[in-house]
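Chemist: Here is a sequence with its predicted model. Questions after.
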Amino acid sequence: MKPYFLGIDNGGTMSKAALFDEKGLEIAVASKLVQIIRPQKGWSERDASKMWEDTVSVIREVLHSSGIKPDRIKAIACTGFGNGLFLVDQQGKPVRNAINSTDSRAQSYVEKWLKQGIAGKALPYTAQSIWAAQPNALLSWLRDKEPECIKKARWILMAKDFIRFKLTGEVRAEITDMSGTSLMNVVSGGYDIEVLKIFGLEEFRNMLPPLIASTEMAGRITDEVAEFTGLAAGTPVAGGMFDIDACGLASGIVDEKQMSLIVGTWGNNQYISRKPLIDKELYMTSIYSIPGWYLMLEGSPTSASNLDWMIQNFLKNEKEQKGDQFFTWLNEEVDRIAPESTDPLFLPFLYGCNEEGYMNAGFHNIRGEHTRSHLVRAVYEGIVFAHKTHIDRLLNFREVPEVIRCTGGATQSDTWMQMFADILGIPLEIPAGSQLGALGAAMAASVCDGTYGNLHEAVENMTCIQRKYEPEPTREKIYEAKYKNYKELIRRLKQSN
């Protein structure tokens with residue numbers, strides 16, 4: 001009987017579930033928009049219980065729309081955004097709102113650790129930069145500002161680990177996700193009390209759940225969950241993985257030849273290697289889902305969420321009027337403006353900055369003849385320039401790749417993907433499917449079930465490249481000049497601060 005695998009993906013903006021067959025074919029997809037809560041400036045939260053309710057809803061919808069009997073789903077795995085913080089009690093009930101990976105309330109703790117040299121002391125263990133939405137900073141902030149929450153909490157979880165806990169009743173921390181939190185030793189691959197001591201967090205050691213691998217069985221669907229989701233009780237649930245790993249796998253990243261680029265709430269740019277790279281100039285090294293490999297990442301919240309802001313605040317009526325045709329119309333608006341005929345620049349720093357020091361978003365070089373279409377093109381270009389900034393940093397540590405594999409909602413736009421290829425000057429390939437994070441999770445499920453012997457086999461059988469974009473030499477030169485202007489603007493703004 002043909003097997004099916006369910007991938008669950010709780011990202012920065014959507015809760016999704018997708019069902020796949022053993023060849024990676026998408027059978028059914030369902031999603032719900034996450035309601036972001038911003039109680040104070042710089043805060044970004046979500047109701048974790050509502051996220052669980054939405055996850056149950058999308059699972060039920062996928063089962064209904066697919067028509068697949070629940071007992072034919074052989075295994076399930078979850079993925080989701082990394083970092084942020086989900087604190088729960090012994091029963092798995094959240095003790096407060098979850099904190100998202102775009103939160104900046106704990107920035108002062110990061111600045112203190114940088115000034116005191118604590119970040120440098122931790123680097124040989126954690127292999128990554130520190131930033132405000134990592135659990136180390138958030139736990140420090142909560143201990144000082146909301147001690148009652150810490151007292152109530154039993155477990156420190158990431159987004160997908162919380163959902164898996166709710167599905168199985170078993171608490172585990174999957175290793176790829178936890179390796180990006182600055183709470184463990186990435187080099188040794190386990191918890192290390194020395195890491196916690198460096199940040200003054202040793203009191204939290206017993207709140208860190210047991211570690212498991214991406215393809216390891218973490219538990220089974222409980223009778224109670226089966227009753228209100230429609231899933232079959234006893235269905236195996238794999239450890240799952242960090243969403244950057246899931247998108248890497250779905251892109252076919254199993255060696256050093258390619259790089260992977262994710263255009264989402266965060267702009268993540270990555271490659272894998274058998275050796276961990278530890279360098280203060282690199283954003284993060286984490287443990288990859290394929291045993292024996294590490295993932296090197298440059299990323300920041302400077303990607304497609306900036307376009308979402310533009311749409312929500314300046315194109316909301318058009319989006320409502322045009323419905324399913326909105327993005328077709330938006331791409332046509334961008335295409336109407338030739339890259340050489342527009343001067344406005346956009347710094348995509350609405351939710352964070354990928355330059356040294358803090359810098360806000362903004363448009364620059366706008367004149368009276370410029371229209372809304374010019375500004376939308378500037379947003380498209382600015383987001384790609386932010387990705388290029390990260391790619392250039394990664395290329396300080398490795399050779400130029402043969403190709404970059406791209407995932408995320410932006411891949412639906414030919415206009416934007418060609419722009420990426422032209423600006424990066426590297427061929428771009430787009431994997432088939434609309435839910436690549438969920439597909440990567442489903443691959444872990446397929447190995448957990450035994451359908452495939454390892455993730456290499458799962459990738460070989462479940463990935464397919466759908467489209468390719470080659471850089472256009474004439475546009476490359478135009479964008480080189482615009483990128484130079486973009487970087488020069490940033491340099492001048494730094495000097496003025």
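Modeler: That came through, no problem. Numbering: from 1, shown residues only.
Chemist: So which bits of stretch 315-324 are buried?
Modeler: Within stretch 315-324, the residues that count as buried by 16 or more other Cβ atoms under 10 Å are residue 315. Glycine gets a C-beta too; all of them are placed from N, C-alpha and C.
Chemist: how about the strands in the stretch 301-450 of the chain?
Modeler: Here the stretch 301-450 of the chain has its strands, by DSSP state E, counting those that start in this stretch, at 345-347, 362-364, 403-407, 428-431.
Chemist: which non-adjacent residue is nearest residue 22?
Modeler: Spatially, and ignoring its direct neighbours in sequence, residue 22 is nearest to residue 3 (5.2 Å; Cβ to Cβ, 6 or more residues apart in numbering).
Chemist: number of nearby residues for the one you found?
Modeler: 16 (other Cβ atoms under 10 Å).
Chemist: ok, back up a step: for the strands of the stretch 301-450 of the chain, give me JSON lines that also has mean neighbour count.
Modeler: Below are those laid out as JSON lines (neighbours: other Cβ atoms under 10 Å):
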{"stretch": "strand 345-347", "mean neighbour count": "24"}
{"stretch": "strand 362-364", "mean neighbour count": "15"}
{"stretch": "strand 403-407", "mean neighbour count": "24"}
{"stretch": "strand 428-431", "mean neighbour count": "22"}
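Chemist: could you dump these to TSV with mean pLDDT and distance to residue 61?
Modeler: Shown next, in TSV, are the strands of the stretch 301-450 of the chain (pLDDT from 0 to 100; distance: least, Cβ to Cβ, whole Å):
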stretch	mean pLDDT	distance to residue 61
strand 345-347	97	36
strand 362-364	95	39
strand 403-407	94	23
strand 428-431	95	24
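Chemist: Surely residue 391 is in contact with residue 259?
Modeler: Yes: the pair residue 391 / residue 259 is scored as a contact, 7.4 Å apart, by Cβ atoms under 8 Å.
Chemist: what is in contact with these two at once?
Modeler: By Cβ atoms under 8 Å, 6 or more residues apart in numbering, residue 391 and residue 259 have these common neighbours: 269, 404.
Chemist: thinking again about what came up before, for the residue nearest to residue 22, what are its contacts?
Modeler: Taking Cβ under 8 Å, 6+ apart, we find residue 3 in contact with 21-22, 72, 74, 446, 449, 451.
Chemist: my guess is residue 198 meets residue 118, correct?
Modeler: Yes: using Cβ under 8 Å, residue 198 is in contact with residue 118, at 6.0 Å.
Chemist: So if I had to pick from these two, which one is more boxed in?
Modeler: Remark: of residue 198 and residue 118, residue 198 carries more neighbours, 21 against 18, as counted by other Cβ under 10 Å.
Chemist: and the residue nearest to that one when sequence neighbours are not counted, what is it in contact with?
Modeler: Spatial nearest neighbour of residue 198, excluding adjacent residues (Cβ to Cβ, 6+ apart): residue 122 at 4.7 Å. Residue 122 makes contacts with 130, 182, 195, 198-199, as judged by Cβ under 8 Å, 6+ apart.
Chemist: Then residue 473?
Modeler: By Cβ under 8 Å, 6+ apart, residue 473 lies in contact with nothing.
Chemist: what does the model give it for pLDDT?
Modeler: Note for residue 473: predicted pLDDT of 92.
Chemist: the helices in the stretch 251-400 of the chain, which residues?
Modeler: Residue ranges of the helices in the stretch 251-400 of the chain, as given by DSSP state H, counting those that start in this stretch, are 305-314, 316-322, 326-335, 372-394.
Chemist: I'd like the ones you listed as JSON lines, with mean pLDDT appended.
Modeler: Output for the helices of the stretch 251-400 of the chain, formatted as JSON lines (pLDDT from 0 to 100):
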{"stretch": "helix 305-314", "mean pLDDT": "94"}
{"stretch": "helix 316-322", "mean pLDDT": "95"}
{"stretch": "helix 326-335", "mean pLDDT": "96"}
{"stretch": "helix 372-394", "mean pLDDT": "96"}
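Chemist: May I see the ones you listed organised as CSV, with distance to residue 473 added?
Modeler: Output for those, formatted as CSV (distance: least, Cβ to Cβ, whole Å):
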stretch, distance to residue 473
helix 305-314, 27
helix 316-322, 34
helix 326-335, 19
helix 372-394, 17
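Chemist: closest one to residue 190 among these?
Modeler: helix 372-394 (26.5 Å; Cβ to Cβ).
Chemist: need the contact list for the nearest residue to residue 455 once chain neighbours are set aside.
Modeler: Of all residues not flanking residue 455 in the chain, residue 290 sits nearest, at 5.1 Å (Cβ to Cβ, 6+ apart). By Cβ under 8 Å, 6+ apart, the contact set of residue 290 is 249, 254, 272, 454-456.
Chemist: One more: residue 485?
Modeler: Residue 485 neighbours (Cβ under 8 Å, 6+ apart): residue 345.
Chemist: likewise residue 97?
Modeler: If you count contacts by Cβ under 8 Å, 6+ apart, residue 97 has them with 37, 45-48.
Chemist: Any idea how far apart the tips of stretch 67-81 sit?
Modeler: By Cα to Cα, to the nearest Å, the extent of stretch 67-81 from end to end equals 29 Å.
Chemist: in that stretch, what counts as buried?
Modeler: Using 16+ other Cβ under 10 Å as the test for burial, stretch 67-81 gives 68, 70, 73-81.
Chemist: before we move on, what about stretch 224-242?
Modeler: 225-226, 229, 231, 235-242.
Chemist: which two from those end up farthest apart in space?
Modeler: Applying Cβ to Cβ across those, the maximum distance is between 226 and 242, 27.1 Å.
Chemist: Tell me where the stretch 101-250 of the chain is predicted with low confidence.
Modeler: The stretch 101-250 of the chain contains no residues with pLDDT under 70.
Chemist: OK, contacts around the residue lying closest to residue 230 once chain neighbours are set aside?
Modeler: Once flanking residues are discounted, residue 230 sits nearest to residue 63: 4.7 Å by Cβ to Cβ, 6+ apart. Each residue near residue 63 by Cβ under 8 Å, 6+ apart is listed here: 19, 70, 229-231.
Chemist: Secondary structure and distance to residue 8 for those residues - can I get that in JSON lines?
Modeler: Formatted as JSON lines, these follow (DSSP: H, G, I helix; E, B strand; the rest coil; distance: Cβ to Cβ, whole Å):
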{"residue": "19", "secondary structure": "strand", "distance to residue 8": "10"}
{"residue": "70", "secondary structure": "helix", "distance to residue 8": "15"}
{"residue": "229", "secondary structure": "helix", "distance to residue 8": "11"}
{"residue": "230", "secondary structure": "coil", "distance to residue 8": "14"}
{"residue": "231", "secondary structure": "coil", "distance to residue 8": "11"}
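Chemist: Nearest to residue 86, out of those residues: which one, please.
Modeler: residue 229 (19.8 Å).
Chemist: Tell me if I'm right that that closest one and residue 57 touch.
Modeler: No: look at residue 229 against residue 57 with Cβ under 8 Å: they stay out of range, at 9.2 Å.
Chemist: The buried residues of stretch 67-81 in strands, which ones?
Modeler: 73-80 (DSSP state E).
Chemist: Closest to residue 107 out of those?
Modeler: Among those, and counting by Cβ to Cβ, the member closest to residue 107 is residue 80, at 23.3 Å.
Chemist: tell me the contacts of that closest one?
Modeler: So residue 80 contacts 9-11, 158-160, 163, 177, 243 (Cβ under 8 Å, 6+ apart).
Chemist: and the strand or helix carrying the residue nearest to residue 230, which residues are buried?
Modeler: Using DSSP states H and E, residue 63 sits within helix 48-66. For helix 48-66, a neighbour-count test (16+ other Cβ under 10 Å) marks 48, 50-52, 54-63, 66 as buried.
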